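1. make a model of this:
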Amino acid sequence: MKALIFRETGEPKSVLNLAEIPTPPLAPGEALVRVLLSPINPSDQHMVRGRYGYQPELPASPGAEGVGIVEAVGPGVQGPSVGTRVVFVDTWNTWREQIVCPVDRLVPVPDGLDDPAAATSYTNPLTAWALTRSTHNLKEGDWLLQTAAASSVGKLVLQLAQQYRFKTINVIRRRDQETIIRNLGGNEVICTADEDLKAHLQALTAGKGVERAIDCVAGELGAEVARNLAPAGTMLVYGALSSHRQTDPAKFTMPLFAPRLIYSTATVRGWWLPRWVRSQPLAEVRAATSELLTMLSSGALTPPAIVQYSCKDFQEAVRLADGEAGQQKVLLNFSKDRSRVP
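-> Modelled structure (predicted):
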């Protein structure tokens, strides 16, 4: 089978190669899945560069998300049956034509959901769901502040807020992003390009600060949000967009004001999807993924705009995903039957 492989860490354009590798044998409790589509996420590029929280033993394939079709099952497997379309949970090495993995890492895809939407149903949707519904445990009427509110995860948080009726304070960096936030039901918008974040937050919260926040920017903006947490408030830091493609360690710094943190007893806590997944019962992760697939199928959640490249054209796909794709999600197409994926 064909697989995108890296044998050393470095720039993806230099170390990734399309190679022919053998298909692994099936063991009891496993399934062989033919991969149709797998997205290129920033975490994949970080892994290839050697900067991600999980680094596989090399050689390895990037990728931790995708959609495929079960081609064979090992002894003792009751389901999913051969021919079932599935997405992966807690599975690595998805940038290849075939994957062998435990069947309990597979979740069936609803018939009404197309392949591109299914392929992008795990990493960002589950991140948004787990941050809001699991770790922060938001209920109807609760407030949440989020930075980078117009990002892929930010827009999913807004859509989940409509489903579960929590309210949002949305921090953006450009005024033209406000329309996106308002159209998705955002309650409050703060644009750091022309508004004072601290003054606006103090006015919105009557000087009490925010009780729950999620941040994927870090840097000075993340630090400013942390300084405006309510007593015993919690901010979950799940990304560092301010340091994207940075190699200077100083750019990863988020300066916190110790007295404010001490006297407020607020919490600033790192959050990472793979660690959250491993901390939860697998059945609950599968159930959350299935719920998100259902919401995507029903239209309650909107999948991102996508652009596809054949796995043979991975160099162009990786280049586009590394900064020029905008709001589009770049998908690698591993399907021999190109006609089945639009």
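2. could you pull up the residues touching L229?
-> Contacts were defined as C-beta atoms under 8 Å, 6 or more residues apart in numbering; by that measure L229 touches G209, V210, E211, A213, M235, S264, A266, T267, V268. From N, CA and C alone the C-beta is placed, and that goes for glycine too.
3. with distance to L26 as added columns, please give those in CSV.
-> Conversion of these to CSV gives the following (distance: C-beta to C-beta, whole Å):
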residue, distance to L26
G209, 54
V210, 50
E211, 49
A213, 45
M235, 45
S264, 54
A266, 50
T267, 45
V268, 45
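4. neighbour-wise, which of those residues leads?
-> The most crowded member of the contacts of L229, judged by other C-beta atoms under 10 Å, is A213 (28 neighbours).
5. next secondary structure after the helix or strand bottoming out on mean pLDDT in the chain?
-> For the chain, using mean pLDDT, DSSP states H and E, the weakest element among its helices and strands is helix 258-264, scoring a mean of 89. Proceeding C-terminally, helix 258-264 gives way to strand 267-270 as the next helix or strand, assigned by DSSP states H and E.
6. buried ones in the helix or strand that comes right after that next one, by neighbour count?
-> Stepping forward along the backbone from strand 267-270, the first helix or strand reached (DSSP H and E) is helix 273-279. Buried positions in helix 273-279, judged by neighbour count with 16 or more other C-beta atoms under 10 Å: L273, W276, V277.
7. got the contact list for the spatially most central residue of the chain?
-> In the chain, the centroid-proximal residue (C-alpha atoms, centre = their mean) is N124; its distance is 2.8 Å. The contact partners of N124, taken as C-beta under 8 Å, 6+ apart, are S152, V153, L156, P304.
8. quick one: mean pLDDT over the helix or strand hosting it.
-> When secondary structure is defined by DSSP H and E, N124 falls within helix 123-129. In this model, helix 123-129 carries a mean pLDDT of 98.
9. swap in stretch 165-181?
-> Across stretch 165-181, the average pLDDT comes to 97.
10. end-to-end on it?
-> Distances were taken as C-alpha to C-alpha, to the nearest Å; on that basis the terminal residues of stretch 165-181 are 16 Å apart.
11. run through who's touching it.
-> 132, 138-150, 154-155, 157-158, 161, 186-194, 197, 201, 204, 210, 221, 225.
12. and what of stretch 23-31?
-> Applying C-beta under 8 Å, 6+ apart, the set of residues contacting stretch 23-31 is 1, 32, 70, 72-77, 80, 98, 100-104, 106.
13. now, which of these lie within strands?
-> Using DSSP state E to define strands, the subset of those located there is L32, V70, A72, V73, Q98, V100, C101, P102, L106.
14. among those residues, the buried ones, what's the PyMOL command?
-> Written as a PyMOL command, the selection of buried residues from those, which uses 16+ other C-beta under 10 Å, is:
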select buried, resi 32+70+73+98+100+101+102+106
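15. among the ones in strands among the contacts of stretch 23-31, which two are most distant?
-> When the ones in strands among the contacts of stretch 23-31 are compared pair by pair using C-beta to C-beta, the farthest-apart members prove to be Q98 and P102, with a separation of 15.0 Å.
16. output the buried residues of helix 273-279 as CSV; include the columns distance to A117 and pLDDT.
-> What follows is the buried residues of helix 273-279, written out as CSV (distance: C-beta to C-beta, whole Å; pLDDT from 0 to 100):
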residue, distance to A117, pLDDT
L273, 19, 97
W276, 23, 98
V277, 21, 98
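17. just the closest of the residues you listed to L16, please.
-> L273 (22.9 Å).
18. in contact with the closest one, which residues?
-> Taking C-beta under 8 Å, 6+ apart, we find L273 in contact with T123, L126, T127, A130, Y238.
19. possible to save those residues as TSV with distance to D176 and neighbour count?
-> Listed next are the contacts of L273 as TSV, based on distance: C-beta to C-beta, whole Å; neighbours: other C-beta atoms under 10 Å:
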residue	distance to D176	neighbour count
T123	26	20
L126	29	23
T127	25	22
A130	29	21
Y238	25	20
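20. please indicate which of the contacts of stretch 165-181 are buried?
-> Looking at the contacts of stretch 165-181 with 16+ other C-beta under 10 Å, the buried ones turn out to be 132, 138, 142-150, 154-155, 157-158, 161, 186-187, 189-192, 197, 201, 204, 210, 221, 225.
21. what about those, which are in strands?
-> Judged by DSSP E, the subset of these located in strands is W143, L144, L145, Q146, V189, I190, C191, V210.
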